[in-house]
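Student: Fold the following and give me the result.
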Amino acid sequence: MNFVSIRVITDDVARLVGFYEQVTGVTATWSTPDFAELATPACTLAVAGTRTVALFGTGSAQPATNRSVITEFRVADVDAEWERLAPLDCEIVQKPTTMPWGNRSLLFRDPDGNLINFFTPVTPEAVARQRR
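Tutor: Model (predicted):
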């Protein structure tokens, strides 16, 4: 089994896709006005509009209600990303901090309030865990 993507449901696909293009530097591929994907070498972030929810069953997903999932991106330098993201006026949850498990982490929210973690492994153990 391979984990290949995560999908975020939103009321404003263009706004959320634009935000993720800015923070990741990845250009989205649009399939319809209600669905776009940002493909990275490891995984794909899909963004879909609320009209697509009916295809999965009415009420199966609700935009801007997530408080349990963190979308994580490994980056080369968390502190450099912190400086780069400053002009975007994101809600910062945690400034760059080295976590007990050895990752340096920056937590912020997308325009719908979804939590994002940019992290860089900084200890030898954390670097070794990231090798796959």
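Student: Which other helices and strands does the longest helix along the chain contact?
Tutor: For the chain, the helix that runs over the most residues, judged by DSSP state H, is helix 13-24. Helices and strands touching helix 13-24, by 3 or more CB pairs under 8 Å, 6 or more residues apart in numbering; DSSP states H and E, are strand 35-39, strand 44-49. Every C-beta, even on glycine, is put in place using the N, C-alpha and C of the backbone.
Student: Number of residues surrounding residue 76?
Tutor: Residue 76 has 7 neighbours, counted by other CB atoms under 10 Å.
Student: Sorry, slip of the keys, the one I care about is residue 127.
Tutor: Residue 127: 13 surrounding residues under other CB under 10 Å.
Student: So for the helix or strand hosting it, what gets flagged as buried?
Tutor: Per DSSP states H and E: residue 127 is located in helix 124-130. Buried residues in helix 124-130, counting neighbours by 16 or more other CB atoms under 10 Å, are found at residue 126.
Student: hmm, back to that, packing partners of the following helix or strand past the longest helix of the chain?
Tutor: Remark: after helix 13-24, the chain's next helix or strand is strand 29-32, criterion DSSP H and E. Helices and strands touching strand 29-32, by 3+ CB pairs under 8 Å, 6+ apart, are strand 35-39.
Student: So for residue 132, what's the pLDDT?
Tutor: Predicted confidence (pLDDT) at residue 132: the value is 66.
Student: go on, residue 80?
Tutor: According to the prediction, residue 80 has pLDDT 97.
Student: same thing with residue 42?
Tutor: pLDDT, residue 42: 90.
Student: which SS class is it?
Tutor: Three-state call for residue 42 (DSSP: H, G, I helix; E, B strand; the rest coil): coil.
Student: Can you spell out which residues form a bridge with the residue nearest to it when sequence neighbours are not counted?
Tutor: Distance criterion CB to CB, 6 or more residues apart in numbering; nearest residue to residue 42, sequence neighbours excluded, is residue 74 at 7.9 Å. Beta-bridge partners for residue 74, by DSSP bridges, are residue 119.
Student: how close does residue 74 get to residue 127?
Tutor: Using CB to CB, to the nearest Å, one gets 11 Å for the distance from residue 74 to residue 127.
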